[in-house]
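Colleague: When you get a sec, could you give me coordinates for this:
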Amino acid sequence: MTNELSEIIAEAARLAFSNLFEETGEDFYYCALITTGEALAPEISAWSWQALDRAAGAENDPEKWRSVLKWSYADSPYVDYGRKYFSAVNAAFDKLPEMTEEMSPDQWDREYNF
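Modeller: Predicted structure coming up:
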């Protein structure tokens, strides 16, 4: 299952990033495949120089906000971009055992690390 899940995630990320690059035509300096501390299904985030300029330019102190926003995956206008490509990833994660407090610490660690 590990290899299959890795392949599904890689394909979803490839499609999402390819679509993002093609659709925007912007110059990207930051692209990430991210997940939460709860080990939920991953999604992408990205920043382009153009998006950073737009976001920082909308603030009172653009130079300050450029440095604040530059590496923030959560503040990117492209966080969770290409969600439609991740439907198979989400379906695969839905089939995994639910991580609950009733699990032993070893079981929980095993599922989390998977």
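Colleague: Show me the longest helix that occurs in this structure.
Modeller: helix 2-24 (DSSP state H).
Colleague: For the protein, just list every one of the strands.
Modeller: For the chain, the strands defined by DSSP state E cover 28-34, 43-48.
Colleague: Run through the neighbouring helices and strands of the last one.
Modeller: On a contact count with 3 or more C-beta pairs under 8 Å, 6 or more residues apart in numbering; DSSP states H and E, strand 43-48 meets helix 2-24, strand 28-34. Placement of C-beta: from N, CA and C, glycine included.
Colleague: on that earlier part again, need the winner for burial among the strands of the chain.
Modeller: Of those, the one with the most neighbours on average (mean count of other C-beta atoms under 10 Å) is strand 43-48, at a mean of 22.
Colleague: show me where pLDDT drops low in the protein?
Modeller: Scanning the chain for pLDDT under 70 picks out 1.
Colleague: Quick check: Phe93 vs Ala32, distance?
Modeller: As judged by C-beta to C-beta, to the nearest Å, Phe93 and Ala32 stand 18 Å apart.
Colleague: do Trp49 as well
Modeller: From Trp49 to Ala32 the distance is 16 Å (C-beta to C-beta).
Colleague: same check, this time on Arg66
Modeller: Relative to Ala32, and taking C-beta to C-beta, Arg66 is found at 18 Å.
Colleague: can you check Ser72 too?
Modeller: In this view, Ser72 and Ala32 are 11 Å apart by C-beta to C-beta.
Colleague: Count the residues that sit near Arg54.
Modeller: Look at Arg54: counted by other C-beta atoms under 10 Å, it has 12 neighbours.
Colleague: Show the contacting residues for it.
Modeller: Pro77 (C-beta atoms under 8 Å, 6 or more residues apart in numbering).
Colleague: can you do 10 Å?
Modeller: Applying C-beta atoms under 10 Å, 6 or more residues apart in numbering to Arg54 gives the contacts Glu26, Ser48, Pro77.
Colleague: count of residues packed around Ala51?
Modeller: 20.
Colleague: I meant Thr100, not that one.
Modeller: A count of neighbours around Thr100, defined by other C-beta under 10 Å, yields 9.
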